[in-house]
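Student: after the sequence you'll find the predicted model.
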Amino acid sequence: MKLVLLPGLHGTADLFQPFMQALPGWVDCQVIAYPTHDKLSYTQLAEYVMQRLPAEDDYVLLGESFSGPVVHAVALRAPPRLRGMVFVATFLSNPRPWIGQLVRLLPKARLLALTGPKPFVKAFTFGIDVSDELVRLFLDAVNKVAPEVLAFRLDEIQRLRATPSRCALPAIYLRATGDRLLPESCVDEFRAVMDNLIVFPVAGPHFILQWDPVACARIVSSQMENWIRV
């Protein structure tokens, strides 16, 4: 069974490396990265992902942060080989209205300047005691994406509204207990539309896959084993 990973706001495969390295060898990973210079809406991203899903293998779909709504939208289309979903520190509707206000007030050319200072990155994403290596990995990923694309994705989050459509597929949610970017209420939105959801609290900040890849890999691979037996 494959694990198909959808990335956060940056849309690259880079930040999945620590997590994928912590997974057991039997987990076959596929990352679907998003275009770095094309503005794709959530609806368009769902179609983009649908066209790249495994055609012959059963798979589990993982969505980190920005990609949670994409995973949910894909699941509602009921692709035949999808066996389960993993939601990681994510949301189904706009979790922070101030994000949209920031996009409107800040010139697009200045967007990356906010992510540049290490204290800012540490405080709001990984935690102040994160390694410089992880911060560099994050900034390198962000810098691969056109600023106007990042701004567009932030605007997509601002427009996002949760759908009442329910999904019966099994799913888990990895909740970062020290997340400063998302409120705890985000989990409630998933409980409202997922018939078979298990929530796993994991100690750490928003970028929990990078902060504690071993714990996250253990949870995800264990659930995949359970889903294989079904």
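Tutor: Ah, there it is.
Student: show the end-to-end separation of stretch 60-79, please.
Tutor: 11 Å (CA to CA, to the nearest Å).
Student: contact partners for the residue nearest the centre of the chain?
Tutor: In the chain, the residue lying closest to the centroid (CA atoms, centre = their mean) is Glu64, at 1.2 Å. Taking CB atoms under 8 Å, 6 or more residues apart in numbering, we find Glu64 in contact with Leu5, Leu6, Pro7, Gly8, Leu15, Phe16, Val88, Ala89, Thr90, Leu209. In short, each C-beta sits where N, CA and C put it, glycine included.
Student: quick one: end-to-end length of stretch 33-43, please.
Tutor: Terminal-residue distance, stretch 33-43 (CA to CA): 16 Å.
Student: measure how far it is from the centre of its chain, please.
Tutor: The chain centre lies 14 Å from the centre of stretch 33-43; the measure is CA atoms, centre = their mean, to the nearest Å.
Student: what are the contacting residues of it?
Tutor: Residues from elsewhere that reach stretch 33-43 (CB under 8 Å, 6+ apart): 7, 11-13, 45, 48, 69-70, 73, 144-146, 148-149, 152, 156, 160.
Student: next, Pro95: phi, psi?
Tutor: phi -80, psi -20 (degrees, to the nearest 10).
Student: touching, Val202 and Val214? I think so.
Tutor: No. Contact criterion CB atoms under 8 Å: Val202 and Val214 do not qualify, at 10.5 Å.
Student: okay, those two: which has more neighbours?
Tutor: Each of Val202 and Val214 has its neighbours counted (other CB atoms under 10 Å); Val202 has more, 20 against 12.
Student: quick one, what contacts that one?
Tutor: Applying CB under 8 Å, 6+ apart, the residues near Val202 are Leu174, Arg175, Ala176, Thr177, Ile208, Asp212, Ala215, Cys216, Ile219.
Student: which residues touch Ala13?
Tutor: Leu5, Pro7, Val31, Ala33.
Student: what's the answer for Ile219, then?
Tutor: Ile219 touches Ile172, Leu174, Phe200, Val202, counting by CB under 8 Å, 6+ apart.
Student: go again using 7 Å as the cut-off
Tutor: Leu174, Phe200 (CB atoms under 7 Å, 6 or more residues apart in numbering).
Student: just checking, next helix/strand downstream of the helix or strand hosting Leu61?
Tutor: Using DSSP states H and E, Leu61 sits within strand 59-64. The helix or strand immediately downstream of strand 59-64 is helix 68-76, counting by DSSP H and E.
Student: chain center to that following helix: distance?
Tutor: On CA atoms, centre = their mean, the centre of helix 68-76 falls 11 Å from the chain's centre.
Student: helices of this protein, residue ranges please.
Tutor: For the chain, the helices defined by DSSP state H occupy 17-22, 42-50, 68-76, 97-105, 111-115, 118-121, 132-142, 147-159, 185-193, 208-211, 213-229.
Student: just list whatever residues bridge to Pro170.
Tutor: Asn196 (DSSP bridges).
Student: isn't it right up against Asn196?
Tutor: Yes. The criterion here is CB atoms under 7 Å, and Pro170 meets it with Asn196 at 4.5 Å.
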